[in-house]
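Engineer: Following is a predicted model, sequence given first.
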Amino acid sequence: MERMQANAFEQLLQALRNQYWLGSTLSLLGWDEQVNLPSGSAEHRAEQSAFLAGLHHREGTRPEIDGWLAELEADFEQLTEEQRTVVRWVRRDYDRARKLPEKFVAEKTEHASRAFHAWADARKRNDFAAYEPFLERNIALAQEEAALLGWEENPYDYHVDRHDPGMTAARIEELFGGLRAPLLELVGTILDSPVKVAPDFFRGFEVERQELFVRKLIGLLGFDFDRGRIDRSLHPFCSGDGADTRMTTRYDRDNPLDAIFSAIHETGHGLYEQGLPLEHRSNPLGEAVGMAVHESQSRLWENQIGQSRAFWKHFEPLFRQAFRSQLSGISSDELYLAINAVRLNPIRVDSDEVTYNLHIILRFELEKALFLGDLKVRDLPGEWNRLSKEIVGLEPKNDAEGVLQDVHWSGAAFGYFPSYCLGNMMAAQLWYAVAEELPDLENDFERGDFAPLLGWLREKIHRHGRRFDTDEIVQQATGKPLAPDALLRYLKERYLPLYR
Ligand code: ZN
């Protein structure tokens, strides 16, 4: 590489670092807002964050970046593989940030905020008509955004690619198409089973004890508390990165499994962040591939591992030790069935890992139709209910329980839902790949040893940052293209023995 090029690359990295400091500070403020912020300080925090977000945007759209990128692109073949990865992704993000006029971004942000409040209000009053014009405008703006970036042919593809680089609506259609019918059949078999899940029988689990148990558990999974924390918030989340990972969970005295599985889920995200190369944390070599890959990590730990017999062989005695009286009347089999309960639920976030995927297929079908103009927003509630019956197996009682249940569309997060189900497919595929390479895994889990599994994930997924796109990293890690087969196999192997 020539000196001029080396110079351009160094300056590019420095610009990314400046942007990173602002971005990571913003993220920390976001964490603080949900964990610590006194309610009277919300307005102050909004101004603080808006100011920093402005600086962050300015730093990422500096015209010099275009010049450095052009210089590097002119002699692309001379670059190392790592440098090419950086240049490719920075070009993509830079163009997306630059091609959207400031006025458009401001209007979109402002409208999304108004739409969010309109949605929250409409959901409370079960009044879709009041929210309808806001959603209509959100979709129009999202279509305009795609057109500004040259995706007018396929506006929905742009939004899919935004969350999961390399993914398209057609590819998702193919994957979901292979999942839908066999999954519906499996759900039918489970629901017809004479084995019925008992109503929730957990009562009076002290929150402080739950918190101690959760910390111990996620420490054993490999979460590094020297560079991370877990706190409490209304909605569990994971933010920050490997330098300072901030996770949350929530506690309910009558539902200890919620705290445990939310924490395991977020720990999956946290372990991914902690496994990305720290020295590259300000550039694409140290960043996650996308939403679906992130979700594959959280779901793998939460479902394939956290809901397995081997896992509970290790943790059940510790759980009973912490909650002797609360668990005294509950047998091991009852506990395991409660952990793996399957029942139809109109609400996506309250669904089990089997029926959850049906909720995502429903949303994908509707989003696609809305973006392609095959479905009008005014007809959305009716179509939601009709398809809900067909795909999820039940019709919601009202719009609050149906089309108004999710926050995503109000905040203009389109193309985001499919990532959840793609993440489930990847998690299962990774699970069978690692089980083949490390046949002793279940024995490790029974002993509370998760290091071999984590080592494999570090090697196959975490350390690569954004070197590969969504499909490529799955192929790389498992030797096969992403497909629905592994998820179907896993769900059958886990649930059929329980529900036969
Ligand atoms: Zn997640």
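Structural biologist: That came in fine, so what should we check first? Numbers count the residues shown, from 1 in each chain.
Engineer: Spell out the residue ranges of the strands in the chain.
Structural biologist: Secondary structure of the chain (DSSP state E): strands at 228-232, 238-241, 244-249.
Engineer: Paired strands for the shortest one, with orientation please.
Structural biologist: Which is strand 238-241. Looking at strand 238-241 with DSSP bridges, its partner strands are strand 244-249 (antiparallel).
Engineer: Just give me how far the strand it pairs with sits from the chain centre.
Structural biologist: In terms of CA atoms, centre = their mean, to the nearest Å, the gap separating the centre of strand 244-249 from the centre of its chain is 14 Å.
Engineer: hang on, the earlier thing: and the strands of the chain as a markdown table, adding distance to Gly415 and mean neighbour count?
Structural biologist: (Each C-beta comes from the backbone N, C-alpha and C, glycine too.) Shown next, in a markdown table, are these (distance: least, CB to CB, whole Å; neighbours: other CB atoms under 10 Å):
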| stretch | distance to Gly415 | mean neighbour count |
| --- | --- | --- |
| strand 228-232 | 29 | 18 |
| strand 238-241 | 21 | 22 |
| strand 244-249 | 25 | 23 |
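Engineer: Among those, which comes closest to Lys480?
Structural biologist: Taking CB to CB, strand 238-241 is the member of these nearest to Lys480, at 28.1 Å.
Engineer: pLDDT weak spots in the protein?
Structural biologist: Along the chain, the model assigns pLDDT under 70 to residues 1.
Engineer: Quickly list the domain ranges of it.
Structural biologist: Domain segmentation of the chain under automatic domain parsing yields 3-150, 169-499.
Engineer: highest average neighbour count across those?
Structural biologist: domain 169-499 (a mean of 18; mean count of other CB atoms under 10 Å).
Engineer: Which parts of the stretch 401-500 of the chain are helices?
Structural biologist: Ranges of helices in the stretch 401-500 of the chain, per DSSP state H, counting those that start in this stretch, are 417-437, 441-446, 451-460, 470-478, 485-499.
Engineer: Quick one: closest of those helices to Glu71.
Structural biologist: Closest approach to Glu71 among these (CB to CB): helix 470-478, 27.0 Å.
Engineer: Show residues contacting the closest one.
Structural biologist: Residues outside helix 470-478 that contact it (CB atoms under 8 Å, 6 or more residues apart in numbering) are 164-167, 171, 289-290, 292-293, 422, 426, 429-430, 432-433, 460-461, 464, 468, 480-482.
Engineer: how about the strands of the chain in JSON lines, adding distance to Glu152?
Structural biologist: As requested, the strands of the chain are arranged in JSON lines below (distance: least, CB to CB, whole Å):
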{"stretch": "strand 228-232", "distance to Glu152": "42"}
{"stretch": "strand 238-241", "distance to Glu152": "34"}
{"stretch": "strand 244-249", "distance to Glu152": "39"}
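Engineer: Tell me which of these sits nearest to Pro133.
Structural biologist: strand 238-241 (32.4 Å).
Engineer: Which among the helices of the stretch 401-500 of the chain is found nearest to Asn255?
Structural biologist: Asn255 sits nearest to helix 485-499 of all those, at 20.7 Å, using CB to CB.
Engineer: Tell me the helices and strands packed up against the closest one.
Structural biologist: Packing contacts for helix 485-499, counted by 3 or more CB pairs under 8 Å, 6 or more residues apart in numbering; DSSP states H and E, involve helix 169-192, helix 417-437.
Engineer: so how far is the longest one off the chain centroid?
Structural biologist: The one in question is helix 169-192. Computed by CA atoms, centre = their mean, the chain-centroid distance of helix 169-192 equals 20 Å.
Engineer: Show me what it is packed up against.
Structural biologist: So helix 169-192, by 3+ CB pairs under 8 Å, 6+ apart, packs with helix 155-163, helix 356-372, helix 417-437, helix 485-499.
Engineer: Could you dump the ones you listed into TSV and include distance to Arg17?
Structural biologist: Output for the helices and strands packed on helix 169-192, formatted as TSV (distance: least, CB to CB, whole Å):
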stretch	distance to Arg17
helix 155-163	24
helix 356-372	36
helix 417-437	28
helix 485-499	39
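Engineer: so Leu149 touches Ala97, yeah?
Structural biologist: No. The pair Leu149 / Ala97 is not scored as a contact, 10.4 Å apart, by CB atoms under 8 Å.
Engineer: Tell me which of the strands of the chain lies nearest to Asp121.
Structural biologist: With CB to CB as the criterion, Asp121 lies closest to strand 244-249 of the strands of the chain, at 26.0 Å.
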